[in-house]
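Colleague: When you get a sec, could you give me coordinates for this:
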Amino acid sequence: MEERPAGDDAAARTPDDAVDEAGERARAIRESVAVGVATAIYGISFGALSVAAGLDVWQTVFLSLVMFTGGSQFALVGVLAAGGAAAGGSAIATAAMLGIRNVVYGMRMKPLVGGSPARNVLAAWITIDESTAVALAQKLPGNARLGFWLTGAIVFVGWNLTTLAGALIGDAMGDTRAWGLDAAAGAAFLGLLWPRLKRFQAGAVAVGAAVVAAVVMPFVMPGLPVLIAALVALLVGWFNLFDRRRRA
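Modeller: Residues are numbered from 1 along each chain as shown. Here you go, the predicted model:
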């Protein structure tokens, strides 16, 4: 078979290759829009729950602007709803612990989207579960960058707009506890967690953490049970428990 010079790759591309690349790019855009819009809608829940936890409308909006990581935001307002201002330290620690995952995402995304310092700062702001997932689902580097930036931008704009809407709705409702919103933070967080419980080890960690949290809850201030329960995950990870493949 005749070998082609490395520089002739572009010339050797067929119309089918161009069609495939266009299709992949269109797929990246569709996925970005679908994931971005679906995620942004959850901001309504966060806005209402934040007001229920005691924050006012503008504090809620500011929190979404500067924090912008859904799981950590729900955890923060959930702890505040349970313990009030006295649980502020525990709430911040819980949110920070959940936000550590974004550091891992950042290390994975930096080679893909890195550039000038300003570009890195902007990329760090929108490095979240959704933008990372869409980027990693793409086959071509260019589409991965497109998926990352487009998904992050849609979620950021949409999340902040729906947060404002949810906060205004919650503020207009008055006593949100009468509507059951004081218990909705835990339900919302469970909804975020549920899709991640497909593997046996993840389920075992969740059950063990729930048992530990239930045992210590009567004896410590709100927020601390979550931090103490996190020791279950550290224990399982350190000793690699429930890893059936390794045992096999």
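Colleague: dump the residue contacts of the most centrally placed residue in the chain.
Modeller: Most central in the chain under CA atoms, centre = their mean is residue 129, positioned 4.1 Å from the mean C-alpha point. When contacts are counted by CB atoms under 8 Å, 6 or more residues apart in numbering, residue 129 touches 70, 71, 101, 105. In short, each C-beta sits where N, CA and C put it, glycine included.
Colleague: what ranges do the helices span in this structure?
Modeller: Ranges of helices in the chain, per DSSP state H, are 9-12, 15-41, 43-52, 57-66, 70-83, 88-113, 117-125, 129-136, 141-173, 184-193, 200-216, 224-239, 244-247.
Colleague: Now do the domain split for the protein, please.
Modeller: Listed by automatic domain parsing, the domain ranges of the chain are 23-179, 197-248.
Colleague: Comparing those, which stretch has the densest surroundings?
Modeller: Greatest average neighbour count among these goes to domain 23-179 (a mean of 18), per mean count of other CB atoms under 10 Å.
Colleague: For this structure, which residues score under the pLDDT cut-off?
Modeller: 1-19, 81-92, 94, 98, 174-193, 195-196, 222-223, 243-248 (pLDDT under 70).
Colleague: residue contacts, the residue nearest to residue 123 when sequence neighbours are not counted?
Modeller: With sequence-adjacent residues excluded and distances taken as CB to CB, 6 or more residues apart in numbering, residue 123 is closest to residue 113, at 4.7 Å. Contacts for residue 113 (CB under 8 Å, 6+ apart) come out as 119, 123, 145, 148, 149.
Colleague: can you pull the contacts of the first one?
Modeller: What it means is residue 119. Here residue 119 is in contact with residue 113 (criterion: CB under 8 Å, 6+ apart).
Colleague: if we take the contacts of residue 129, which one ends up nearest to residue 210?
Modeller: Checking the contacts of residue 129 against residue 210 with CB to CB, the nearest one is residue 71 at 16.9 Å.
Colleague: Please tell me how far that closest one sits from residue 242.
Modeller: Remark: distance between residue 71 and residue 242 (CB to CB, to the nearest Å) = 23 Å.
Colleague: One more: residue 118?
Modeller: Counting by CB to CB, the gap from residue 118 to residue 242 is 44 Å.
Colleague: what's the answer for residue 206, then?
Modeller: Counting by CB to CB - residue 206 and residue 242 are separated by 12 Å.
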